[in-house]
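Asker: requesting a structural model of the entry that follows:
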Amino acid sequence: MTHPSNDHERLREALGASQRDRFASGFADRAAARWRAEYAGRAEGAPSFDVAVMRLFVRVAPFAAAAALLLAVNNVRHRGEGQSIVRALVGAPAVSGTPSSLDIIYGLDTPSVSNQE
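Answerer: Just a heads-up that it's a prediction; the model follows:
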């Protein structure tokens, strides 16, 4: 019976030998040169991450604000009887005599019915 560490070493050598044959000579140098050129190109003309995020925010923010405004107007137009405008803006239900909680608002207070026979 062979020792487990010998098996691991033979497997590592076999895998290492097959991997070395897959790349032509000079591959590492060519890849490193390409990565350096890409990095140098980014440093010259490409914006940094924070600048790119800021540009994207400036483009998306007007659409997000318009969508929020449309949702608020829709909530106010279709508000329930006895519901204040402020509660309608945020989509909160009308104030009733019973206290409301998140369980009541989302219907989690009702018991589940199982189909047992």
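
Asker: from here on, contacts and neighbour counts on C-alpha atoms
Answerer: Fine.

Asker: in the longest helix seen in the chain, what counts as buried?
Answerer: Secondary structure assigned by DSSP state H gives helix 49-77 as the longest helix of the chain. Neighbour-count burial for helix 49-77, counted by 16 or more other CA atoms under 10 Å, picks out Ala72, Asn75, Val76.

Asker: that helix packs against which elements?
Answerer: Contact here means 3 or more CA pairs under 8 Å, 6 or more residues apart in numbering; DSSP states H and E; on that basis helix 49-77 packs against helix 85-90.

Asker: give the rounded mean pLDDT of the helix it packs on.
Answerer: Helix 85-90 shows a mean pLDDT of 78.

Asker: what is it packed up against?
Answerer: Contact partners of helix 85-90 among helices and strands, from 3+ CA pairs under 8 Å, 6+ apart: helix 49-77.

Asker: got any ranges where this protein has weak pLDDT?
Answerer: Where the chain drops to pLDDT under 70, the residues are 1-5, 17-22, 41-46, 95-101, 103-105, 109-117.

Asker: can you do 80?
Answerer: Segments of the chain classed as low confidence (criterion: pLDDT under 80) are 1-6, 8, 12-25, 38-48, 79-85, 87-117.

Asker: if anything else comes up later, I'll come back, but that's it for now.
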